[in-house]
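Colleague: This is a predicted model, with the sequence first.
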Amino acid sequence: MPDGERERTVATCESCDSAYAAEIWSNGTIQPIGTRTGCECGSTEFQVIGDTSDTVPQNEEID
Ligand SMILES: [Zn+2]
């Protein structure tokens, strides 16, 4: 995928298992939406769960 493109998903904190809506960047970064500094528990490690079928993609182009 092109640089800068993101995919919406759901991720959980690896420390406390809190679930967040998140974006996956083309470089593999998992960025929770609304919690730019990481989980409220202080962790910045997240794990993607499920798939993106029930989320609305952002900036997706449909031909
Ligand atoms: Zn946490």
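Modeller: Nice, I can see it. Worth saying up front: this structure is predicted, and the values here are computed from it rather than measured.
Colleague: Just want to check the distance between the spatially closest residue to residue 32 that is not a sequence neighbour and the ion.
Modeller: Leaving out its chain neighbours, the residue that sits closest to residue 32 by C-beta to C-beta, 6 or more residues apart in numbering is residue 20, at 3.9 Å. (C-beta placed from N, C-alpha, C; glycine too.) Here the criterion is C-beta to the ion, to the nearest Å. By it, residue 20 lies 9 Å from the ion.
Colleague: right, and the secondary structure at residue 20 would be what?
Modeller: Assigned by DSSP: H, G, I helix; E, B strand; the rest coil, the conformation of residue 20 is strand.
Colleague: Tell me, how many residues neighbour it?
Modeller: Each residue near residue 20 was counted by other C-beta atoms under 10 Å, and the total is 19.
Colleague: who does it bridge with?
Modeller: Counting by DSSP bridges, residue 20 is bridged to residue 11.
Colleague: Next one, pLDDT for it please.
Modeller: Note for residue 20: predicted pLDDT of 93.
Colleague: repeat for residue 57
Modeller: 55.
Colleague: what does residue 9 give?
Modeller: 91.
Colleague: you'd agree it is up against residue 47?
Modeller: No - using C-beta atoms under 8 Å, residue 9 is not in contact with residue 47; the gap is 10.6 Å.
Colleague: And those two? Which one has more around it.
Modeller: The neighbour count for residue 9 versus residue 47, taken as other C-beta under 10 Å, is higher for residue 9 (20 against 11).
Colleague: where's the more buried one, which helix or strand?
Modeller: strand 6-13 (DSSP states H and E).
Colleague: what do residue 9 and residue 47 both touch?
Modeller: residue 30 (C-beta atoms under 8 Å, 6 or more residues apart in numbering).
Colleague: how close does the residue nearest to the spatial centre of the chain sit to the ion?
Modeller: Geometric centre of the chain, nearest residue: residue 22, 2.4 Å, by C-alpha atoms, centre = their mean. Residue 22 sits 13 Å away from the ion, going by C-beta to the ion.
Colleague: residues contacting that residue?
Modeller: Contacts of residue 22 (C-beta under 8 Å, 6+ apart): 8-11, 30-33, 46, 48.
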